[in-house]
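In: Predicted coordinates and the sequence they were generated for:
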Amino acid sequence: LPMSQQIFLTINQLVIMKQHQNISTMGGKIIAIALLAPLFGFSQPSTTKAAEGDSVPSQATLAPAISAADMQVSPSVQTAPTIVALPQVPTASGLRLQQFLATVVDNNDEIKVQKLEWLSNERLLKASRGMYEPVLKVSATRESNHMQNTAQEYLQTYSQHYEFSEANNIWSSSIEGLTPFGSTYRLGYDYKKLQNSLQSAMAIPTDEEYVTFLGLTLTQPLLKGSGQEATNANILISRANADIAYEGYRQASVEAVARAVQLYWQCYGAQEKLAMRQRSATIAEELLQANKSRYEAGKVDYTAVLDAESGLRLRQALVAAAEQTELTARKNLLSLAGESAMAQVPATIRMEDVPDCSPLSPDYKQVYEKALTSYPQYLSALATVERENFRATYAHNQEKPQLDVKGSYGYNGLGTTVDNSLDRLGSTDFPSW
């Protein structure tokens, strides 16, 4: 055929493919190059008249790259160029859907991030509950003073001294805490060792005195800070944040698994389409060889060989486009599982599971009830509303004035020795409240 007619037929094939097949822009470019490139590799065949007057292509018009050995016929017989066979596909490693989903759940980066956020909020919740843990406080103080007495102090103390000096050791220990109702408590023990210049003026002179005290103090807010909701506001908000983070972790897992299922079947479809294209190319190659043989036997015209060659090149272009689609689907499949999982999965994989095409008949009421109890976004919204209600309640409580009731009760002890002071303390003869 003339070059113009071959180009016309090729463009016509492209138009038909665009109308009847889903070919992307890149795939169309690949197919166009594969179809048009061979046309510009050969000059227009000239014709020589045979004895019967039929027009046949001349051997001088063949491409110089095609040798007689490639033609596998005598040089006097015109044949079409030899088509390169498709490369062999390497052996693929099988991958099942459940295996892939388990890998995604364990290695997906988004799931890991959401899980860490959930665990972080759980730690914050645990830390917020520590507000009820009692606190042990211990202090020790050493004080020393040397001063002059005023006239009033001189007459009140009867010390007959114009100077006053003291050196005291004070130890204090207490257990303090908070109750769920907002009240605070302090159970304390105080111990003092007193040494001063007044002790010599006593009826029974002594060098030191020991003072002890054991008592309990309670403080209960009546307005601001009272009640369990105000006291537990931090815990309730932290628990709501932990619930929201947990639902975010579940939502990320659901989305990743859904995406994994979608990509798995996309990869399966791409591999099946590639296998179909390869089988089609194999059949087209066999048809080309058959037409070449029939042309050599004089049963068909040379245009049948050209048509078969054009069909083979078209199918080879479709194979290339299918390989690109399969490669993209496989890369998306592996990227969803995370970088660590990609290093363990072989580059060439085969989807072993077959999709189940059986019809589904879901129960609307059952699905609706399941969504109300399990849908992560819905549960996260409920937890968010609950958290904001806690914040609003706490804010209203903080608007109230501060009004507290405080009470304390304890026992005192005094003696010239430690044992004597503790005995007086244990006798409960000297209460204080």
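Out: That came through, no problem. Residues are numbered from 1 along each chain as shown.
In: What's opposite Glu166 in the beta bridge?
Out: In this structure, Glu166 bridges to Asn145, Asn196 when assessed by DSSP bridges.
In: close enough to count as contact, it and Lys192?
Out: No - applying C-beta atoms under 8 Å as the test, Glu166 and Lys192 come out as separate, 11.2 Å apart. Every residue, glycine included, has its C-beta placed from N, CA and C.
In: what about Leu125, which SS state?
Out: Under DSSP: H, G, I helix; E, B strand; the rest coil, the three-state class of Leu125 is helix.
In: Next: Tyr189.
Out: strand.
In: shouldn't it be in contact with Leu216?
Out: No - with contact taken as C-beta under 8 Å, Tyr189 and Leu216 are classed as non-touching, separated by 10.6 Å.
In: Quick check on the nearest residue to Pro431 once chain neighbours are set aside: phi, psi?
Out: Here the nearest residue to Pro431 in space, its sequence neighbours aside, is Tyr411; by C-beta to C-beta, 6 or more residues apart in numbering that works out to 5.6 Å. Note on Tyr411: backbone dihedrals following degrees, to the nearest 10 are phi -130, psi 150.
In: For His146, give its distance to Ser165.
Out: Using C-beta to C-beta, to the nearest Å, one gets 4 Å for the distance from His146 to Ser165.
In: List the residues that contact the most centrally placed residue in the chain.
Out: Using C-alpha atoms, centre = their mean, the residue of the chain that lies closest to the mean C-alpha position is Glu110, 2.1 Å off. Applying C-beta atoms under 8 Å, 6 or more residues apart in numbering to Glu110 gives the contacts Ala252, Glu255, Ala256.
In: Now it: which helix or strand?
Out: Glu110 belongs to helix 109-128 when elements are defined using DSSP states H and E.
In: Could you check that helix and say which residues are buried?
Out: Within helix 109-128, the residues that qualify as buried by neighbour count (16 or more other C-beta atoms under 10 Å) are Ile111, Gln114, Lys115, Glu117, Trp118, Asn121, Glu122, Leu124, Leu125, Ser128.
In: What of stretch 176-186?
Out: The neighbour-count criterion (16+ other C-beta under 10 Å) identifies Gly182, Ser183, Thr184, Tyr185, Arg186 as the buried residues of stretch 176-186.
In: Which member of these is positioned nearest Lys331?
Out: Minimum distance to Lys331 across the buried residues of stretch 176-186 is 59.1 Å, recorded for Gly182 (C-beta to C-beta).
In: Next, count neighbours for the spatially closest residue to that closest one that is not a sequence neighbour.
Out: Ranked by C-beta to C-beta, 6+ apart and with sequence neighbours excluded, the top spatial neighbour of Gly182 is Thr231, at 4.4 Å. By the measure other C-beta atoms under 10 Å, the count of residues near Thr231 is 22.
In: Assess the claim that Thr231 and Lys224 are in contact.
Out: No - under the criterion of C-beta under 8 Å, Thr231 lies out of contact with Lys224, with a separation of 11.4 Å.
In: now the helices for the chain?
Out: Secondary structure of the chain (DSSP state H): helices at 3-20, 25-36, 68-71, 97-107, 109-128, 151-157, 228-231, 233-296, 302-336, 339-344, 364-374, 376-398, 418-426.
In: mean pLDDT lowest for which of those helices?
Out: By mean pLDDT, the lowest-scoring of those turns out to be helix 68-71, with a mean of 36.
In: before we move on, back to that, tell me what angle the helix holding Glu110 forms with helix 302-336.
Out: The directions of helix 109-128 and helix 302-336 differ by 10 degrees, with axes from the mean of the first three to the mean of the last three C-alpha atoms, to 10 degrees as the criterion.
In: C-alpha coordinates for helix 109-128, CSV please?
Out: Backbone C-alpha positions of helix 109-128 (Å, rounded to 0.1, in the frame of the first residue of the first chain) are rendered in CSV as follows:
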residue,chain,number,x,y,z
ASP,A,109,2.3,4.8,58.7
GLU,A,110,-1.0,6.6,59.2
ILE,A,111,-2.3,3.8,61.5
LYS,A,112,1.0,4.0,63.5
VAL,A,113,0.6,7.8,63.9
GLN,A,114,-3.0,7.5,65.1
LYS,A,115,-2.1,4.7,67.4
LEU,A,116,0.7,6.7,69.0
GLU,A,117,-1.7,9.6,69.5
TRP,A,118,-4.3,7.3,71.1
LEU,A,119,-1.6,5.9,73.5
SER,A,120,-0.4,9.4,74.3
ASN,A,121,-3.9,10.4,75.3
GLU,A,122,-4.3,7.3,77.4
ARG,A,123,-1.1,8.3,79.3
LEU,A,124,-2.5,11.8,79.8
LEU,A,125,-5.7,10.2,81.2
LYS,A,126,-3.7,8.1,83.6
ALA,A,127,-1.7,11.1,84.7
SER,A,128,-4.9,13.1,85.3
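In: hmm, who's touching stretch 406-421?
Out: Taking C-beta under 8 Å, 6+ apart as the rule, stretch 406-421 contacts 206, 208-220, 422-426, 428, 430-433.
In: picking up where we left off before, please name the bridge partners of the residue nearest to Pro431.
Out: Counting by DSSP bridges, Tyr411 is bridged to Leu214, Pro431.
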